[in-house]
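A.B. asks: Compute the structure for the input listed below.
(one chain, ligands or ions: 2)
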Amino acid sequence: MTPAATLSDRTENKAIAWSAYYELTKPRLSLLSVITALVGYLAALPARDVFVLVFFLGGTAVCAAGAATLNQFIERDTDALMKRTRERPLPAGQVSPTVALWLGIALSVVGVTALWLGANPLAGALGLATIFTYIALYTPLKLKTRWATEVGALPGALPPLIGWAAAEGEISPLGWILFGILAFWQMPHFMAIAWTFRKDYGSAGFPMLTVVDPTGRKAGIWATVNAIALLIVSLLPIFLGLCSWLYTAVAALFGIWYLLRSIAFATASNRDGVARKLFFNSILYLPAVLFTLVIDRWILF
Ligand code: HEM
Ligand SMILES: CC(C)=CCC/C(C)=C/CC/C(C)=C/COP(=O)(O)OP(=O)(O)O
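C.D. replies: Numbering: from 1, shown residues only. Ligands and ions are numbered 1, 2, ... in the order given. Okay, here's the model as predicted:
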């Protein structure tokens, strides 16, 4: 082997190692969680402080990365059993479990500390609660009960409250509405995924609703019930005088669309295609509705 080839091999190995650590943090899910936290911060509308903003954003991102790393440490064996997850850094043998465990703990401690000291104790406590509900409740419950998904909706919905707390030091009604939006949004999002990957989940021993009821009827009904709850909660701000017509129109439009997709998923004879459409719809819903809420609060309201 020529020295030039050796150098390029080493560079390539280093790139693989970095990308393995990057993948441990579940970058897409973590980024969207940070964005929902930022929405909470920006929708709260108090005086701005750049120091708090930097520590709050950094702290939330590091908490999310830590939580994702610990989740992958705990789930390394079941991740190895599923097609969707078996290429992850731990089952693929790219990172050792001990390194992942300590990295996850270190990131979580640094993230909570940054929120606590850089923003305020309430933001820090909410960051800790997010990590705790994800790692100590949701992750172990996934193997035990189909209700784990509803428990998982807690850490999924807490980041906007971290942002609200960082901005105001307390949580006001719109903060709780944002929590409700995220909590109800997650059910159609996950029911669609749980249908698509039902064989994977079943073979790894996860009793998801689509594994417990393989017809998919219950998953469809549950997605629809939650899409209705989402539509109602997302329209509360106008009735409480907390936003203008712009947010209300966009929330109604995307909420009805999401509901129609959930109904289509519930009533389809072949759910495969509609489940993918419902999933893409879920991914579209959050940026559209949350971005409009911020614009509405800042410009029109
Ligand atoms: C009960 C809660 C949740 C569960 C069980 C869940 C599960 C999942 C799964 C398994 C996927 C991968 C789908 C695929 O490979 O096709 C996924 C994708 C995604 N989820 Fe969720 N999710 C939840 C909540 C959330 C939350 C709170 C957010 C953001 C705030 C989010 C954002 C995303 C995004 C952006 C994707 C697409 C990108 C990707 O595959 O990483 N999810 N979700
Ligand atoms: C600030 C902070 C700590 C933010 C993190 C927010 C967070 C942890 C959201 C979790 C949402 C959730 C239950 C996703 C599914 O995970 P899964 O483990 O079932 O997904 P998988 O099957 O892809 O592993």
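A.B. asks: What pLDDT does the model give the residue of the stretch 101-250 of the chain found nearest ligand 2?
C.D. replies: Proximity of the stretch 101-250 of the chain to ligand 2 (Cβ to the nearest ligand atom) peaks at Gly152, 3.2 Å away. No exception for glycine: its C-beta is placed from N, CA and C like everyone else's. We note a pLDDT of 96 for Gly152 in this prediction.
A.B. asks: Settle this for me: it is touching Pro140, isn't it.
C.D. replies: No: the pair Gly152 / Pro140 is not scored as a contact, 11.4 Å apart, by Cβ atoms under 8 Å.
A.B. asks: The two - which one has more neighbours?
C.D. replies: Gly152 (19 against 13; other Cβ atoms under 10 Å).
A.B. asks: OK, contacts around the closest residue to the more buried one other than its chain neighbours?
C.D. replies: Nearest non-adjacent residue to Gly152, counting by Cβ to Cβ, 6 or more residues apart in numbering: Tyr138, 4.1 Å away. Shown in contact with Tyr138 (Cβ atoms under 8 Å, 6 or more residues apart in numbering): 148, 151-152, 154-155.
A.B. asks: Tell me who's in contact with whatever residue of the stretch 201-301 of the chain ends up closest to ligand 1.
C.D. replies: Nearest residue of the stretch 201-301 of the chain to ligand 1: Ile283, at 5.4 Å (Cβ to the nearest ligand atom). Counting by Cβ under 8 Å, 6+ apart, Ile283 makes contact with His189.
A.B. asks: Ok, Ser203 next?
C.D. replies: 81-82.
A.B. asks: Check it and give its pLDDT.
C.D. replies: For Ser203, the model assigns a pLDDT of 92.
A.B. asks: Can you show me the helices along the stretch 151-300 of the chain?
C.D. replies: 159-168, 173-196, 198-203, 209-212, 217-239, 245-267, 272-295 (DSSP state H, counting those that start in this stretch).
A.B. asks: Buried residues, stretch 75-89. List them.
C.D. replies: Within stretch 75-89, the residues scored as buried using 16 or more other Cβ atoms under 10 Å are 75-76, 78-82, 85, 88-89.
A.B. asks: Just the ones of those residues in helices?
C.D. replies: The helices, defined by DSSP state H, take in 76, 78-79 from those.
A.B. asks: can you redo those as TSV with pLDDT?
C.D. replies: Shown next, in TSV, are these (pLDDT from 0 to 100):
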residue	pLDDT
Arg76	96
Thr78	94
Asp79	94
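A.B. asks: Can you narrow the residues you listed down to the ones near ligand 2?
C.D. replies: For ligand 2, no contacts are drawn from these by Cβ under 6 Å from any ligand atom.
A.B. asks: mind putting the residues you listed in a markdown table, distance to ligand 1 included?
C.D. replies: Formatted as a markdown table, those follow (distance: Cβ to the nearest ligand atom, whole Å):
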| residue | distance to ligand 1 |
| --- | --- |
| Arg76 | 16 |
| Thr78 | 13 |
| Asp79 | 11 |
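A.B. asks: if we take these, which one ends up nearest to ligand 2?
C.D. replies: Asp79 (6.8 Å).
A.B. asks: quick one: contacts for the residue most central in space within the chain?
C.D. replies: By Cα atoms, centre = their mean, the chain has its centre lying nearest to Gly156, at 4.6 Å. Counting by Cβ under 8 Å, 6+ apart, Gly156 makes contact with 33, 182-183, 186.
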